[in-house]
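**Q** Give me a model of this one.
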Amino acid sequence: MKINKLLVVTMGIVLPTLSQAQDVNTYFGANYEYGNVKVGSQHANMNGFKFQAASELAWGNIKGAASSLKGDGADYDNYTLAIEKPFNIQQSNFFVSPEGGVTYARYKDDQMKKSDLGLMLGASLGYNINDHFQIVSNYNHSFGMKANQDNLQEDSLSAGINYRFN
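**A** Below is the predicted model of the structure:
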């Protein structure tokens, strides 16, 4: 729980500071996410909502995301802080954004309760509808790295819409 509070406080301090220090856009989005979570030899198929926000800087985006998924009798929460770099596809409104970052995840079912800290890699494919709205699909793979335990791993797909504040 302390890590969650630390991430929220850090994002709350850092993102507005960066926004004021540079010419920057910010976006907020909501996605529907489907994921497969693995803990040791157990698998759970889960779905739920993912919320994300980012500051768009000249060199890339600083992005925070949080998801809460349920399924197969389990609950899974995931909090990510990442860097992404959007690339336009041949002067069109389509873009691709590879991303990488740090993830804190919690898993709970009737048999176990685990938390893990690790890395996340992924990519987004999206379409800019206009100056304010984007449709985005995303794939992420996150993997825990705590020693001496069964690590949490997640593969997820999500689709949703972002609103950009210009």
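**Q** alpha carbons only for contacts and neighbour counts from here, please
**A** OK.
**Q** can you tell me which residues contact the spatially most central residue of the chain?
**A** For the chain, Ala65 is the residue whose C-alpha lies nearest the centre (C-alpha atoms, centre = their mean; 3.8 Å). Counting by C-alpha atoms under 8 Å, 6 or more residues apart in numbering, Ala65 touches Lys50, Phe51, Gln52, Ala53, Asn78, Tyr79, Thr80, Leu81.
**Q** What pLDDT is listed against Tyr79?
**A** Per-residue pLDDT puts Tyr79 at 91.
**Q** in the sheet, who's paired with it?
**A** Ala66, Tyr104 (DSSP bridges).
**Q** I'd say it and Leu69 touch.
**A** No. Counting by C-alpha atoms under 8 Å, Leu69 is not a contact partner of Tyr79; they are 11.7 Å apart.
**Q** what about Asn162, is that helix, strand or coil?
**A** strand (DSSP: H, G, I helix; E, B strand; the rest coil).
**Q** What's the separation between it and Met112?
**A** For Asn162, the distance to Met112 equals 35 Å [C-alpha to C-alpha, to the nearest Å].
**Q** Those two: which is more packed in?
**A** Asn162 (20 against 9; other C-alpha atoms under 10 Å).
**Q** Asn36 versus the residue nearest to that one when sequence neighbours are not counted, what's the distance?
**A** Leaving out its chain neighbours, the residue that sits closest to Asn162 by C-alpha to C-alpha, 6 or more residues apart in numbering is Gly29, at 3.9 Å. Computed as C-alpha to C-alpha, the Gly29 to Asn36 distance reads 22 Å.
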